[in-house]
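Enquirer: Here's a sequence, model it:
(chains A and B)
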Amino acid sequence: MTTYIIRRLILAAIVLFLVSVFVFLAMRLLPGDPVLMYMSASSVQEITEEQLNLVRHQFGLDKTLPMQYLDWITGVLRGDLGTSILNRSPVLQEILRRLPITFHLGILAFIVATIIGIPAGVLCAVRRGGWLDNLVTTLANIGITVPVFWLGIILIYVFALYFRWLPVMGYTSPFENFWLSTKQLIMPVFCLAVGPIAGNARQARSSMLEVIRKDYIRTAWSKGLRERAIIMKHALKNGLMPVVTLSGMGVGTILGGAVLIEQVFNIPGIGRLTVTSVMNQDYPYVQAIALIMAISIVFSNLLVDISYGWLDPRVHYD
Amino acid sequence: MSGEATLRPDIIENTPRVSEFRRFFRVFFNRGVVVFGMFIILLFVIAAVFAPWLAPYNPDKIDMNNALLQPGNAHWLGTDSLGRDTLSRTIYGTRVSLIIGLVVVVLGSIVGMALGLVAGYFGHWTHAIIMRVVDALMAFPMLILALLIVSFLGGGVNNVIMALAFAMVPAYARLMCGQVMTVKENDYILAGRSMGANHMRIMLRHLAPNCFPPLIVMMTMMLGTTILAEAGLSFLGIGVQPPIATWGNMVNDGRQYLLSNPILSFAPGLAIMLVVYAFNMVGDGLRDALDPQLRGVI
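Expert: Model (predicted):
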């Protein structure tokens, strides 16, 4: 087990290193000279070659590419993610301010997706072919195809504009006004969770169906166990293994979806920051966000891998 | 609409010695949703190809006297804030979505499959290097990766195609690599090699064709995914730029008039959903017909 975890950690470290190289290179391969970009953003009237060289030296851009990478990554590890081109404020500060909002949204969506999606799929498998199975399967197929931004707009129309049950958009910290915060979050969390709910339900259904056909389940039936015991004790643990993997991938879906959903519901999280910085071509932000998103996904995959080894002792750690 | 594998035993037993081809069609068209999906796709393809004849108005013609009309006889789906006909714009939007989807899938799959083929065939260091790069790219959510690339390249149809194709490459490479590693253990590959076939010949003539079935399924489903991602980018105003009508930017434009003219956002969004649903269902059907064992893998 320990070797398995160590191997996974090494693999994750390699992937993280490559991710950081990509993010770094993406910035360096940008069309246009970063120094010129910086200078034109600052209100310097005339730019002489000397000044350019000075700034170049100041930012270490006259060093070789690997040295530049080294400079950059040591800065990142110390928490220096650069400063915004647009307003010169430290990138880290703004990101730390917005991260909890997206995290709040995402963790709720993840919980909703797990507690609705998985039981729905298991229920379908147990009552296969029944009306509930047909209904859930149809809904799940629609759920993985619906454009989340459009779903959000429809929800706004129905629940906020037409019935006026929920606030149209916005975000309030739950520590400030818990009731308002919850009401504001219902629609965005549901939108973010729809894809993962459908994915979990489909995966749980198909892997449970596979497990239910296994010999040891027949044995359990033949020794007279009740259905509840068979499903809960014998089938579930094996049937849900693939669902764990999928849940890990759901983190990516939720982060990607947050970009769209925060735009629809006017939520000031990382997702909206992504869109505004892409539009303003504020690359230090873009770079930092890409890095943070990739890191969270690598870590959630690592967590899935490790929990896999823990859930299923047969996983051979080679 | 059971999602169960459709190889019902009675069908197989009662149809002795049907050709592979006939069996494929039998299983493929056995499910209602698959037929429905094919029908929807056909409908949208017709709309895209014959858009100039089907659309009642010029999709870009501005007519301020008839702005924000409700659906009626003259304009079945009403008009937007510039008086442009919603139905015509939705029909023309089909072109953008389908063309981008198709080109992205072709480009992305060719590059991805080539990488996966090389990685899987040569193994060792080649495999390690290519697949670690693929792993690293997979660490970015697809929409984010596409968004980053578009932010560097700028909007416009060509850049959106490049960005989405690039974002898809890792998924194809990973699936192809897995396929190649299984298929290359077959004796006929060994036989080919012992008869002196070179690497190129073995990869292209013997390996690739036998790896295709799951990739065809993936390409079909990716068509839907791509269309969804493209719509997302245009919705954010980062993809294909106005005045070109795309479903994504139509949904976004309609938001401002949600209370008075909800149809402006509803219609194009419904089109996105229908076409993505159709490609997914057809992908499901293809998977069951080509190789039911793939269920759960893709």
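
Enquirer: Within range of chain A, give me the residues from the stretch 51-200 of chain B.
Expert: Proximity of the stretch 51-200 of chain B to chain A (C-beta under 8 Å from any C-beta of the partner chain) is limited to residues B:132-133, B:135-137, B:139-144, B:147-148, B:150-152. Where you see a C-beta, it was placed from the backbone N, CA and C, and this is true even at glycine.

Enquirer: out of these, which are inside strands?
Expert: Among these, no residue falls in strands (DSSP state E).

Enquirer: Quick one, which of these are buried?
Expert: Among those, those buried by neighbour count (16 or more other C-beta atoms under 10 Å in any protein chain shown) are B:133, B:135-137, B:139-144, B:147-148, B:150-152.

Enquirer: Could I get the contacting residues of A:Leu180?
Expert: A:167, A:172 (C-beta atoms under 8 Å, 6 or more residues apart in numbering or on different chains).

Enquirer: Quick check: which helices or strands does whatever helix or strand B:Val45 lives in pack against?
Expert: Using DSSP states H and E, B:Val45 maps to helix B:32-49. Where contact means 3 or more C-beta pairs under 8 Å, 6 or more residues apart in numbering or on different chains; DSSP states H and E, helix B:32-49 is packed against helix B:86-122, helix B:263-290.

Enquirer: can you state the direction angle for the shortest one and helix B:86-122?
Expert: Taking axes from the mean of the first three to the mean of the last three C-alpha atoms, to 10 degrees, helix B:263-290 and helix B:86-122 form an angle of 40 degrees between their directions.

Enquirer: Now helix B:263-290: average pLDDT?
Expert: Helix B:263-290 comes out with an average pLDDT of 89.

Enquirer: any idea how far B:Asp187 is from B:Gly178?
Expert: Between B:Gly178 and B:Asp187 the computed distance is 20 Å (C-beta to C-beta, to the nearest Å).

Enquirer: Among these two, which residue is more densely surrounded?
Expert: Shown here are B:Gly178 and B:Asp187; by other C-beta atoms under 10 Å in any protein chain shown, B:Gly178 has more neighbours (17 against 7).

Enquirer: In this structure that one contacts B:Gly120, no?
Expert: Yes. Counting by C-beta atoms under 8 Å, B:Gly120 is a contact partner of B:Gly178 at 7.3 Å.

Enquirer: which stretches of the chain have low pLDDT?
Expert: I went with chain A, as the question did not name one. Residues of chain A that meet the criterion pLDDT under 70 lie in A:29-47, A:59-60, A:313-318.

Enquirer: I was thinking of chain B, sorry if that wasn't clear
Expert: B:1-19, B:292-298.

Enquirer: where do the helices sit along chain B?
Expert: Here chain B has its helices, by DSSP state H, at B:9-14, B:20-28, B:32-49, B:51-54, B:86-122, B:124-138, B:142-153, B:157-183, B:187-194, B:199-201, B:208-235, B:247-254, B:263-290.

Enquirer: Just name the most buried of those.
Expert: Among those, helix B:247-254 has the highest mean neighbour count (mean count of other C-beta atoms under 10 Å in any protein chain shown), at a mean of 26.

Enquirer: what's the closest of the helices of chain B to A:Phe110?
Expert: Closest approach to A:Phe110 among those (C-beta to C-beta): helix B:142-153, 17.5 Å.

Enquirer: packing partners for that closest one?
Expert: Helices and strands touching helix B:142-153, by 3+ C-beta pairs under 8 Å, 6+ apart, are helix A:241-264, helix A:270-280, helix A:283-311, helix B:157-183, helix B:208-235.

Enquirer: So which elements touch the second one?
Expert: Helix A:270-280 sits against helix A:91-112, helix A:241-264, helix A:283-311, helix B:142-153, with contacts defined as 3+ C-beta pairs under 8 Å, 6+ apart.

Enquirer: So which of these is nearest B:Thr182?
Expert: That would be helix A:241-264 among those, by C-beta to C-beta, at 18.8 Å.

Enquirer: And the closest one, how far out from the chain middle?
Expert: Computed by C-alpha atoms, centre = their mean, to the nearest Å, the chain-centroid distance of helix A:241-264 equals 5 Å.

Enquirer: Next, name the residue at the spatial heart of chain B.
Expert: Nearest to the geometric centre of chain B sits B:Leu223, at 0.3 Å (C-alpha atoms, centre = their mean).

Enquirer: close enough to count as contact, that residue and B:Val105?
Expert: Yes. At 5.5 Å, B:Leu223 and B:Val105 qualify as touching, with contact defined as C-beta under 8 Å.

Enquirer: Nearest spatial neighbour of A:Gly143, chain-adjacent residues omitted?
Expert: Using C-beta to C-beta, 6 or more residues apart in numbering or on different chains and skipping residues adjacent in sequence, the residue nearest A:Gly143 is A:Ala198, 2.9 Å away.

Enquirer: Identify the residues contacting the one you found.
Expert: By C-beta under 8 Å, 6+ apart, the contact set of A:Ala198 is A:117, A:139-144.

Enquirer: relative to helix A:283-311, how tilted is the helix or strand hosting A:Met67?
Expert: Taking DSSP H and E as the criterion, A:Met67 maps to helix A:65-77. Interaxial angle of helix A:65-77 relative to helix A:283-311 (the same axes, to 10 degrees): 70 degrees.

Enquirer: Could you see whether chain B lies near helix A:65-77?
Expert: No. Contact of helix A:65-77 with chain B (C-beta under 8 Å from any C-beta) is absent, the minimum separation being 14.7 Å.

Enquirer: Next, the buried residues of that helix.
Expert: Applying 16+ other C-beta under 10 Å to helix A:65-77 flags A:68-69, A:72, A:76 as buried.

Enquirer: Restricted to helices, list the contacts of A:Ala198.
Expert: In this view, the contacts of A:Ala198 that belong to helices under DSSP H are A:139-143.

Enquirer: Which of these has the largest number of neighbours?
Expert: That'd be A:Ala140 among the ones in helices among the contacts of A:Ala198, by other C-beta under 10 Å, with 25 neighbours.

Enquirer: Could you pull up the residues touching that one?
Expert: Counted by C-beta under 8 Å, 6+ apart, A:Ala140 has contacts A:120-121, A:197-199, A:201-202, A:205.

Enquirer: please redo it, this time with the cut-off set to 7 Å
Expert: Counting by C-beta atoms under 7 Å, 6 or more residues apart in numbering or on different chains, A:Ala140 touches A:198, A:201-202.

Enquirer: Within range of chain B, give me the residues from the stretch 201-318 of chain A.
Expert: A:206-207, A:242, A:252, A:255-256, A:259-260, A:263, A:274-275, A:278-279, A:281, A:286, A:290, A:293-294, A:297-298 (C-beta under 7 Å from any C-beta of the partner chain).

Enquirer: Mind checking which of those residues are buried?
Expert: A:206-207, A:242, A:252, A:255-256, A:259-260, A:263, A:274-275, A:278, A:281, A:286, A:290, A:293-294, A:297-298.
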